[in-house]
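Novice: everything below, folded, please.
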Amino acid sequence: MNEENQIKIAILDLYNGEANEGMRCIKQLIEEFEADCHLFVTYRVFDVRLKNEIPDLGYDIYISSGGPGNPVDSIDSVWEKNFFNLMESIKANNQRHPENKKHVLLICHSFQIFCRQYGYGEVSKRKSTSFGVMSVHKTFEGHHDPLFRSLDDPFWAVDSRDYQIIQPNESKIVSDGGAVLCIEKYRPHVDLERAVMAIRFNEEFMGTQFHPEADAIGMRMYLLREDKKAIVIEKYGEKKYWNMLDHLTDPDKIMLTYTTVIPRFLMVGLQHKLSSVTL
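Specialist: Residues are numbered from 1 along each chain as shown. Here you go, the predicted model:
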């Protein structure tokens, strides 16, 4: 097949060799996208943190995963310098070639280091781990963004983090052509800032604090682990834990987010090649 007709996706693995469900889910979503749209899609995984692997500009889409650890500790590391050199190259490419822009999705840890590097918000350590199936609230802009507009408000997503982005730099986000799209649940009885859950940095760069790639199968496996079960019960109670498991069987909750956010990101990011496909 002519290479011009191929859709090439780079998956940036930031899990640092740790076992996870995120990579399986990202690959699965790409394969489902290829099957649903009857397109020729190829992808390659780059082990960014463990092996210092980094893609070139020969890809149409870049999806950067979640990962473990403090998003501040990697400042000046070799892998992070390589990562941001790539981000700068993509930005430069998009300015030089507006007819062939490359799109980037940053998930969880990737979202945090991106916000920290470019001053989009403040990295903060949570008082306790946030893990499980959570409600996510849309802002006005989130209601109209193509990735979220068909989801309820709030919608449901998988959350897994010890760190978060707070105090978004609204003026910088807006001046760059972006917007805060989602924030965490409003809890008036808790005297803590609400974390930012999704930002559109510009037309091509998008980031989520939650895990849009998470599916019911993988999340159920995690929730049934004794350590994860203990975290949820300690923080939210046993009733909330069993409710989370119930949510996984509801097609209007986790699976709706799974089948909406990343598939729409892929469709929007490749619209110049997919003129025959309707959103």
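
Novice: list the residues that contact the residue nearest to the spatial centre of the chain.
Specialist: By CA atoms, centre = their mean, the mean C-alpha position of the chain lies nearest to residue 107, the distance being 2.7 Å. Residues in contact with residue 107 (CB atoms under 8 Å, 6 or more residues apart in numbering) are 22, 63, 64, 65, 66, 207, 208, 211, 212, 213. C-betas here are computed from N, CA, C, even on glycine.

Novice: now, those residues that are in helices?
Specialist: residue 22 (DSSP state H).

Novice: among the contacts of residue 107, name the buried ones.
Specialist: 22, 63, 64, 65, 66, 207, 208, 211, 212, 213 (16 or more other CB atoms under 10 Å).

Novice: which one of those residues is nearest residue 150?
Specialist: Nearest to residue 150 out of the buried ones among the contacts of residue 107 is residue 212 (CB to CB; 13.3 Å).

Novice: what residues are up against the residue nearest to the closest one when sequence neighbours are not counted?
Specialist: In space, and not counting its chain neighbours, residue 212 is closest to residue 261: 3.7 Å by CB to CB, 6 or more residues apart in numbering. Residues near residue 261 by CB under 8 Å, 6+ apart: 147, 148, 151, 208, 212.

Novice: so what's the gap between the host helix or strand of residue 261 and the chain middle?
Specialist: Element membership for residue 261, per DSSP states H and E: helix 254-269. Mean-position distance between helix 254-269 and its chain equals 11 Å (CA atoms, centre = their mean, to the nearest Å).

Novice: CA atoms of that helix as CSV?
Specialist: Extracted as CSV, the C-alpha positions of helix 254-269 are listed here (Å, rounded to 0.1, in the frame of the first residue of the first chain):
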residue,chain,number,x,y,z
ILE,A,254,-16.7,3.9,31.8
MET,A,255,-17.3,2.2,28.5
LEU,A,256,-19.0,5.3,27.0
THR,A,257,-15.9,7.3,27.9
TYR,A,258,-13.7,4.5,26.4
THR,A,259,-15.5,4.5,23.1
THR,A,260,-15.8,8.3,22.8
VAL,A,261,-12.7,10.3,23.8
ILE,A,262,-9.8,8.5,22.1
PRO,A,263,-11.7,7.4,19.0
ARG,A,264,-12.8,11.0,18.5
PHE,A,265,-9.3,12.3,19.1
LEU,A,266,-8.1,9.9,16.4
MET,A,267,-10.8,11.0,14.0
VAL,A,268,-10.3,14.7,14.6
GLY,A,269,-6.5,14.3,14.4
